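J.: Sequence and predicted structure, then a few things I'm wondering about:
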Amino acid sequence: MVMAMRVNQTGGPDVLSWEEVPVGEPGPGEARIRHTAIGLNFIDTYFRSGLYPSPSGTPFVPGNEGAGVVVSVGDGVSLVKPGDRVAYVGPLGAYAQERLVPADRLMVIPDEIDDKTAAGMMLKGMTAQYLLRQTFTVGPETTLLFHAAAGGVGLIAGQWASHLGATVIGTAGSEEKAALAKAHGYQHVINYRTEDFVERVAEITGGKGCDVVYDSVGKDTYPGSLDCLKPRGLWVSFGQSSGPITDFNLALLGPKGSLYATRPTLFTYVAARSDLEKTAGDLFEVVRSGTVKIGVNQEYRLADARQAHEDLEGRKTTGTTVLIP
């Protein structure tokens, strides 16, 4: 038995319960890992609240991201071996001292990257990778808007997009967060609490708008995000931290400029092992080279995950947060 944070019924942060759970020996294609650090992500709150249903129902252990050491492996596993330092984005179950993981989801951590950094960067960093390099190919001619610029994905994306030569505009909810975003690659940051982001984007771009808008906020930024785009621009909705969009009107894309819209997920982009290796390898390279710096800005004990969720949903955190078993 190991200790884990479990959800027995969906709801607020108070439903997180610190309990003993069993962990068996790895079966074929599996590895058992001992966590050294676990990534905290907004998607964790979606599963906890029931906004996203757990594939296994309740009870379940939340968490999609972690790093640790391989304890043992099952039959047919050759990608990793006991003693390897590994990180992953995988099926739910990360909020535990130890767990079983499909071995083909594990990536060996480069020596230059520590466990806390690895645990906190896999989901957010690979999300930034597919957004900037696959969903839309960002380059020197690109002007983009990234909402929640001071969040975990936002701080990574700002550095990466700036390195690619783009004009990078962000939104943030305070002057402190705006300053943090500017220190991470954003040339322009809009405080959405004191400024109208649609008007400011028009001013910054000389009325031309953006090629692409990356929107993980949802309800509070829709349909304003569409008004920030050039004709035939792309709206990338990849989250809903302020709540889901319940009235999306496909016909609205026409009069607003024959716009494109997509709702991508990381899990689609890394479903194949070859795609996972390419996406993670790209992330490892920009982190190892110093192009992208991963700041672990908050740490909580795993047993204090309830407080971590409260702080995350209360917008009290910035950048990357990890839970320590």
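T.: Yep, it's here. Everything quoted here is computed from the prediction, not taken from an experiment. Numbers count the residues shown, from 1 in each chain.
J.: Check whether M122 really touches G90, as I assumed.
T.: No. Counting by CB atoms under 8 Å, G90 is not a contact partner of M122; they are 9.4 Å apart. All C-beta atoms are positioned from the backbone trio N, CA, C, and that covers glycine.
J.: what touches both of the two?
T.: Taking CB atoms under 8 Å, 6 or more residues apart in numbering as the contact definition, M122 and G90 share the neighbouring residues E65.
J.: Look at the two and report which has more neighbours.
T.: Between M122 and G90, counted using other CB atoms under 10 Å, M122 has the larger neighbour count: 28 against 23.
J.: Can you give me the distance of that one to G11?
T.: According to CB to CB, to the nearest Å, M122 and G11 sit 27 Å apart.
J.: cool, and A183?
T.: The separation that A183 has from G11, given CB to CB, amounts to 37 Å.
J.: more neighbours, those two?
T.: Taking A183 and G11 together and counting by other CB under 10 Å, A183 has the greater number of neighbours (15 against 12).
J.: Quick check: the more buried one vs P26, distance?
T.: Here A183 is placed at a distance of 43 Å from P26 (CB to CB).
J.: and if you look at N249?
T.: Taking CB to CB as the criterion, N249 is separated from P26 by 48 Å.
J.: likewise L123?
T.: L123 is 23 Å from P26, where distance means CB to CB.
J.: neighbour-wise, which of those two wins?
T.: In this comparison of L123 against P26, neighbours counted by other CB under 10 Å, the higher total goes to L123 at 28 against 21.
J.: Who are the contact partners of the more buried one?
T.: 39, 41, 43, 64-65, 89, 266.
J.: Same check on V236?
T.: Contact analysis of V236 by CB under 8 Å, 6+ apart lists 131, 135-136, 212-215, 262, 264.
J.: How about R32?
T.: When contacts are taken as CB under 8 Å, 6+ apart, R32 is in contact with 23, 25-26, 70-73, 98-101.
J.: would you say it is within a helix?
T.: No. The secondary structure assignment for R32 gives strand rather than a helix, going by DSSP: H, G, I helix; E, B strand; the rest coil.
J.: Give me the pLDDT value at it.
T.: At R32 the predicted local confidence, pLDDT, stands at 98.
J.: Check the one 3 residues further on too.
T.: Confidence at H35, expressed as pLDDT, is 98.
J.: before we move on, what about G295?
T.: Reading off the model, G295 has pLDDT 87.
J.: roughly how far apart are it and G151?
T.: Here the criterion is CB to CB. By it, G295 lies 12 Å from G151.
J.: more neighbours, these two?
T.: Between G295 and G151, G151 has the larger neighbour count (other CB under 10 Å), namely 30 against 16.
J.: ok, what's across the strand from the more buried one?
T.: Under the criterion DSSP bridges, G151 forms beta bridges with G319.
J.: picking that back up, quick one: which of the contacts of L123 has the most company?
T.: Ranked by neighbours (other CB under 10 Å), the contacts of L123 are led by G39, which has 29 neighbours.
J.: what about that residue, distance to G68?
T.: From G39 over to G68 the distance is 12 Å, taken as CB to CB.
J.: domains of the chain?
T.: In terms of domains, the chain is parsed into 2-122+270-324, 140-263 (source: automatic domain parsing).
J.: Ignoring the adjacent residues along the chain, who's closest to F42?
T.: Taking CB to CB, 6 or more residues apart in numbering, and ignoring the residues beside it in sequence, F42 has S241 as its nearest neighbour in space, at 5.5 Å.
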